[in-house]
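# output the structure for:
(one chain, ligands or ions: 1)
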Amino acid sequence: MDTGERYDCIVIGGGPAGATAGTVLAQHGRRVAVLERDAFPRHHIGESLMPYTWFTFERLGVLDWFEQAACPKKYSVQFVSTTGKVSQPFYFFETIEHPCSTTWQVLRSDFDRMLLDNARAKGAEVRQGATVRELLMEGDRAVGVRVQGADGGSETFRADAVIDASGRDTFLASKLGWKRRDPDLTKISIFTYYRGAKRDPGLDEGATTVAYIPEKGWFWYIPLPDDVVSVGVVAEADYLYRDTRDPEAIFAREAADCIWIADHLSTGTRIEPVRVTGEFSYRAEAIGGDGFCLAGDAFSFLDPVFSTGVFMALKSGEMAADAVHRGLDAGGVTAETFVEYERDMRWALDQFRQLVLSFYNQTFSFRDFIRAHPDLHPRLVDALVGNVFADLGPLFDALREFSARTSQPEVAQPAGARP
Ligand SMILES: Cc1cc2nc3c(=O)[nH]c(=O)nc-3n(C[C@H](O)[C@H](O)[C@H](O)COP(=O)(O)OP(=O)(O)OC[C@H]3O[C@@H](n4cnc5c(N)ncnc54)[C@H](O)[C@@H]3O)c2cc1C
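Predicted coordinates for the structure are as follows:
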């Protein structure tokens, strides 16, 4: 059935990227529909925010929500070596004098619902239980989508533009054959949730902790509301699956072997099943075409060690919506509409990717790097907070040079053995 309705833009997916794009287009006065497959609230991984998400939250008008939802405040990130030694935390307020220096840890089911409700409140039409099955084309131009409703019925929506924000489902990038896996970042993750696990005192209570394991891997430990922590391990599949494929057994083995994690979980009780996410990092070979573009994880996913995912989803939701708005004003949304957006996304992702590669370099240590380049400490914090559109060229030049200089053929100890 053709709904007969015509929209300025259809957004596929109501996660952070889609909800942001929907809100921003509605704020621009555009007629926009956000089509989401799932009924919210639903579970989603990715709870630790970056400070620079603050600016998108301000634009969306949702900054009040974090206090109301009692989200733990995140002032820092800290790193723990394989011997259990905790680094000096990177406190964001040490280099940023702005409210954004405090960010939050969020329960994604509540956070994503809040963002989608906000899109609706700001004027976007939101449909849940609406699975987009097909991008409708006239020649090379996208003109709408075909949707399957929760009752199995099919509807078509016509629009001048379509933004694909379908997350790691990569609806369009998969259909178009655009998805390229990152050969240097091929980890998987195994994760779960505990209640009653230990929290560090004072300012560090809400910190994200990254605890290294041998063999180029790490645990995240993220305090959430209601005394819950999100905890997961990221490493090569071969390493994690070396003696069993049972996620529970793997999680238990790795948690027991990681001194800091074992200690922090010792007072807690596991409250959720152990889940697995594979196929970590990828990017689409293009960001859009005539009448359509990709946003958030639908365009690219990067290993989550620096909690970049939600930031990039929010930022790309904004940038995609602004580009569509400009294109509509200019008389039509074409591939040309997305040139600047694509350039900025690739720049930001390349910067973060360089940071991630340094992290995984066997012989790299942030502490040694900062000792060698104390002047670059503020730039490193810029990268960790998401100020990625700043000129971080000198930082990344130095990181590349330092990594190359410290690289050795093969070493017994991973980077994390040296905090
Ligand atoms: C193990 C792991 C740990 C992570 N940790 C962090 C972290 O600590 N901090 C952080 O910032 N990020 C983290 N991330 C990344 C973060 O989860 C994502 O980057 C973020 O959720 C991307 O948002 P999105 O809106 O692009 O996609 P999503 O949040 O996945 O939203 C996509 C939405 O599209 C819907 N959808 C899909 N297909 C269709 C369709 N055909 N029709 C209609 N709807 C559809 C889905 O139901 C979903 O709701 C982590 C990711 C992983 C895998």
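# how about residues contacting the helix or strand where residue 11 lies?
Applying DSSP states H and E as the criterion places residue 11 in strand 2-12. Strand 2-12 is touched from outside by 18, 21-22, 25, 30-35, 124-125, 132, 144-145, 155-166, 171-172, 298, 321, 324, 328, with contacts defined as Cβ atoms under 8 Å, 6 or more residues apart in numbering. The way it works is simple: take the backbone N, C-alpha and C, and place the C-beta from them, glycine included.
# of these, which ones also sit close to the ligand?
With Cβ under 6 Å from any ligand atom as the criterion, the subset of the contacts of strand 2-12 in contact with the ligand comprises 18, 35, 132, 165-166, 171, 298.
# out of those, what pair is the most spread apart?
Looking at those by Cβ to Cβ, the two members farthest from one another are 35 and 298, with 13.1 Å of separation.
# who touches both of the two?
12-13.
# more neighbours, those two?
Per other Cβ atoms under 10 Å, whichever of residue 35 and residue 298 has more neighbours is residue 298, with 31 against 27.
# so which residues on the stretch 251-400 of the chain come close to the ligand?
Where proximity means Cβ under 6 Å from any ligand atom, the interface of the stretch 251-400 of the chain facing the ligand comprises 277, 296-298, 304, 307, 309-311, 313.
# can you count the residues close to the closest residue to the ligand within the stretch 101-250 of the chain?
The stretch 101-250 of the chain approaches the ligand most closely through residue 167 (2.4 Å), counting by Cβ to the nearest ligand atom. Burial of residue 167 is recorded as 24 neighbouring residues (other Cβ under 10 Å).
# correct me, but it touches residue 15?
Yes - Residue 167 sits in contact with residue 15 when judged by Cβ atoms under 8 Å, with a separation of 5.3 Å.
# spit out the residues that contact the two alike.
Jointly contacting residue 167 and residue 15 under the rule Cβ under 8 Å, 6+ apart are 296-297.
# which among the residues of the stretch 251-400 of the chain next to the ligand count as buried?
Buried residues within those, defined by neighbour count using 16 or more other Cβ atoms under 10 Å: 296-298, 304, 307, 309-311, 313.
# and those, which two are furthest apart?
Applying Cβ to Cβ across those, the maximum distance is between 298 and 307, 18.9 Å.
# can you classify the residue lying closest to residue 259 once chain neighbours are set aside as helix, strand or coil?
Across the structure, with Cβ to Cβ, 6 or more residues apart in numbering as the measure, the residue nearest residue 259 apart from its sequence neighbours is residue 84 (3.6 Å). Secondary structure state of residue 84, per DSSP: H, G, I helix; E, B strand; the rest coil, is coil.
# what pLDDT does residue 91 get?
Confidence at residue 91, expressed as pLDDT, is 89.
# what's around the residue nearest to it when sequence neighbours are not counted, how many residues?
Excluding the flanking residues, the one nearest residue 91 by Cβ to Cβ, 6+ apart is residue 76, at 4.6 Å. With neighbours defined by other Cβ under 10 Å, the count for residue 76 comes to 21.
# give me the phi and psi for residue 76.
phi -160, psi 170 (degrees, to the nearest 10).
# tally of neighbours for residue 44?
By the measure other Cβ under 10 Å, the count of residues near residue 44 is 18.
# so what's it up against?
Residues counted as contacts of residue 44 (Cβ under 8 Å, 6+ apart) are 15, 108-109, 112.
# stretch 286-302: end-to-end distance?
Across its full length, stretch 286-302 reaches 16 Å between end residues, using Cα to Cα, to the nearest Å.
# what do you get for stretch 367-377?
End-to-end span of stretch 367-377 (Cα to Cα): 10 Å.
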